[in-house]
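Novice: build the 3D model from these lines:
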Amino acid sequence: MGLIDQNGKFIGKPAAMTSHQGYETFDELKFALVKALDSKDDEELKRFADQIAPSKHILFFLKDNPFNRKSIGILNIGLIKQKYYHVLLEFKLDKWQRPNAYNHRSLPAVPDYTAHEEGDYVGNMRYWIRMILSMASSPILHN
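Specialist: Numbers count the residues shown, from 1 in each chain. Below you'll find the model as predicted:
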């Protein structure tokens, strides 16, 4: 991968990167999350956290937090994956596995979307998704 200027000319040194292997749809993501939360061991949850964490490729282009327009700076992907896993594990133990603490049917049943209007991001993110996204600006995730 390499940077190009507005004329299409390559600038700087090329860098070897692989593209992010995420989920194509919100439904695919939600069903993978349910599978990970329902898993008896936590390896499936760890794999899910690793897959939703931003890749080096994404972080290369993501310089500012789109929600507050502040610079993200340099992030440590390994720490992000670890933090995502711990937040998801806490959710699994405190909410998902406790009877009547969370309506399991609500996650796949509610349509999800993200829209971009006049510089603002609009969506129906739930509490745990907001919490995970907010961690990207956490100082402990930086080098």
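Novice: shaky segments in this protein?
Specialist: When the per-residue scores of the chain are filtered using pLDDT under 70, the ranges that remain are 1-3, 15, 17-20, 110-143.
Novice: just the strands in it please.
Specialist: The residue ranges that make up the strands of the chain, judged by DSSP state E, are 3-4, 10-11, 114-117, 120-123.
Novice: distance of Ile52 relative to Lys30?
Specialist: Distance of Ile52 to Lys30, given as C-beta to C-beta, to the nearest Å: 11 Å. Backbone N, C-alpha and C define where each C-beta goes, glycine included.
Novice: then the longest helix along the chain to CSV, C-alphas only?
Specialist: The single longest helix within the chain, with elements called by DSSP state H, is helix 77-91. Only the C-alpha atoms of helix 77-91 are listed here, as CSV (Å, rounded to 0.1, in the frame of the first residue of the first chain):
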residue,chain,number,x,y,z
ILE,A,77,-3.8,-2.6,18.2
GLY,A,78,-2.8,-5.4,20.6
LEU,A,79,-4.0,-3.3,23.5
ILE,A,80,-7.2,-2.4,21.7
LYS,A,81,-8.0,-6.1,21.1
GLN,A,82,-7.3,-6.9,24.7
LYS,A,83,-9.5,-4.1,25.9
TYR,A,84,-12.3,-5.1,23.6
TYR,A,85,-12.1,-8.7,24.8
HIS,A,86,-12.2,-7.7,28.5
VAL,A,87,-15.2,-5.4,28.0
LEU,A,88,-17.1,-8.1,26.0
LEU,A,89,-16.2,-10.7,28.7
GLU,A,90,-17.5,-8.4,31.4
PHE,A,91,-20.7,-7.9,29.5
